[in-house]
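**Student:** build me a model from this:
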Amino acid sequence: MSKVQIGIKENLINFILLVVTNFFVGSMVGLERTILPIIGEEDFGLASASAALSFIISFGFSKAIVNYFAGAIADRLGRKKVLLIGWSIGLLVPLLVIFATSWWMIVVANIFLGINQGLAWSMTVNMKIDLSKPTQRGFAVGLNEFAGYIGVAVMAGVSGFVATNFSNRPEPFYLGIIIVVIGFILSLLVRDTEEHIKLQTKSSNNNGPTLSAKEVFKTTTFKNKSLSSITFAGLSTNLKDGMAWGLFPLFFTGVGLTVSEIGVLVAIYPASWGFFQLFTGALSDKIGRKWFIVGGMWLQALSLWMILFVNQYSLWFIAAILLGLGTAMVYPTLQASISDIAQPEWRASSMGVYRFWRDSGYAFGALFAGFIADMLNISWAIGLVALLPLIAGIITAVRMNETLIR
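**Tutor:** As a prediction, this is how the structure comes out:
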């Protein structure tokens, strides 16, 4: 057996396998991104925005809870086993949507999607961090998120195209079965990173005690100023995305766009989110994390308000790209910041706590946006949600310390 080394170049084949695997993890979410809110209205007659967004609430809470336990389980069982379990559960998602006879089956399918994402996506990002040197973490996380959100974007566009040319169900979801099979096979080929974690732990300068699960939760959530600022920024980012996932298709339907046009707008946002992460994560390795996060949070808020105040397809297209750019500025940088602070032996657990709060934002965003949309309208919901990333950017500017140690 060859000597274990830390670094992307030193572990290139395994690293590339993980990148490709996460493309298919993201594709599972993209499968639903364009058409599920429309299925709620057209197939199941859901008039209430809150009811239509219930699938995002079930997805968000299940993914958040599984994220929390996935980190701790992976620290004990190993990353690869957890990754394979995630794919096994993912097979239930397209099957339930294909055979759904009532909306509650769609909601249950999204509970399983949340479990799939919480296990599989968490493991791909943790395994890349395990393989990488400290000065490569931003790039590693950026590449992971790039692959995942390009998967979201590609499948959002493809599913909208398939739905336009065939029907909303079942044809787009046949693709989901193929995605799961490919993802499982790729995950079998991936090598576990247990030895890399041991090597990093040995070379760590940490002489303090290992934190308990309770201490990791408190430290990440509120005790450490930088970690808690990162956590709130992550929650605000995904709260915005939970709203966008549920309300963008309904908002653009309301202004008279076709399903294909909506598919392009819904796809270009995660596409730019994915694409720009190729550069933002790596750039944060060079210039620092803090102000990238602050600027990205503020750009998200401004982009949402731009969507409301323009009335032209080309300008909506630009706003969606800017929204993706703002999200790309923070997404890999927040996770790289967590790995800068947390010690190797409790890093996955801390990442799990962060991802618990971050992905609960999907559910809180859907709940809040659905309530405001029902009480007022969709435009008000989008505008008010934009306040959260604005506030998170201010908090990060005031409370967070720069985490990148040169």
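**Student:** where does V107 land on pLDDT?
**Tutor:** Looking at V107, its pLDDT stands at 90.
**Student:** same thing with the one 5 residues further on?
**Tutor:** We note a pLDDT of 96 for F112 in this prediction.
**Student:** could you say which helix or strand contains it?
**Tutor:** helix 103-131 (DSSP states H and E).
**Student:** just want the angle from the helix or strand following that helix to helix 103-131.
**Tutor:** Sequence-wise, the next helix or strand downstream of helix 103-131 (DSSP H and E) is helix 137-165. Calculated by axes from the mean of the first three to the mean of the last three C-alpha atoms, to 10 degrees, helix 137-165 forms an angle of 150 degrees with helix 103-131.
**Student:** quick one: buried residues of helix 137-165?
**Tutor:** Residues of helix 137-165 classed as buried: 137-164 (neighbour count, 16 or more other C-beta atoms under 10 Å). Just so you know, the C-beta spots here come from the backbone N, C-alpha and C atoms, and that holds for glycine as well.
**Student:** hmm, back to that, now the helix holding F112: buried residues?
**Tutor:** Using 16+ other C-beta under 10 Å as the test for burial, helix 103-131 gives 103, 106-131.
**Student:** which stretches of the stretch 301-406 of the chain aren't confidently modelled?
**Tutor:** Within the stretch 301-406 of the chain, the ranges that satisfy pLDDT under 70 run 406.
**Student:** could you rerun that using 80?
**Tutor:** Residue ranges of the stretch 301-406 of the chain with pLDDT under 80: 344-345, 348, 405-406.
**Student:** now the helices for it?
**Tutor:** Using DSSP state H, counting those that start in this stretch, the helices of the stretch 301-406 of the chain run over 313-341, 344-375, 378-385, 387-399.
**Student:** got the angle for the first one vs helix 344-375?
**Tutor:** Taking the same axes, to 10 degrees, one finds helix 313-341 and helix 344-375 inclined to each other by 150 degrees.
**Student:** now swap in the third one and tell me
**Tutor:** With the same axes, to 10 degrees as the basis, helix 378-385 and helix 344-375 are set at 150 degrees to each other.
**Student:** can you check what pLDDT the model gives L131?
**Tutor:** The model's pLDDT for L131 equals 92.
**Student:** which helix or strand in the protein has the lowest average pLDDT?
**Tutor:** Lowest by mean pLDDT, DSSP states H and E among the helices and strands of the chain is helix 49-52, with a mean of 72.
**Student:** next structured bit after that one?
**Tutor:** helix 54-77.
**Student:** what packs against that next one?
**Tutor:** In terms of contacts (3 or more C-beta pairs under 8 Å, 6 or more residues apart in numbering; DSSP states H and E), helix 54-77 is packed against helix 79-90, helix 103-131, helix 225-254, helix 344-375.
**Student:** now the ones you listed in a markdown table, with distance to L299?
**Tutor:** Below are these laid out as a markdown table (distance: least, C-beta to C-beta, whole Å):
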| stretch | distance to L299 |
| --- | --- |
| helix 79-90 | 31 |
| helix 103-131 | 23 |
| helix 225-254 | 11 |
| helix 344-375 | 17 |
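**Student:** quick one: closest of those to F279.
**Tutor:** The closest of the helices and strands packed on helix 54-77 to F279 is helix 103-131. By C-beta to C-beta, the value is 16.7 Å.
**Student:** what about the strand or helix carrying N14, distance to the chain center?
**Tutor:** Following DSSP H and E, one finds N14 within helix 12-33. In terms of C-alpha atoms, centre = their mean, to the nearest Å, the gap separating the centre of helix 12-33 from the centre of its chain is 12 Å.
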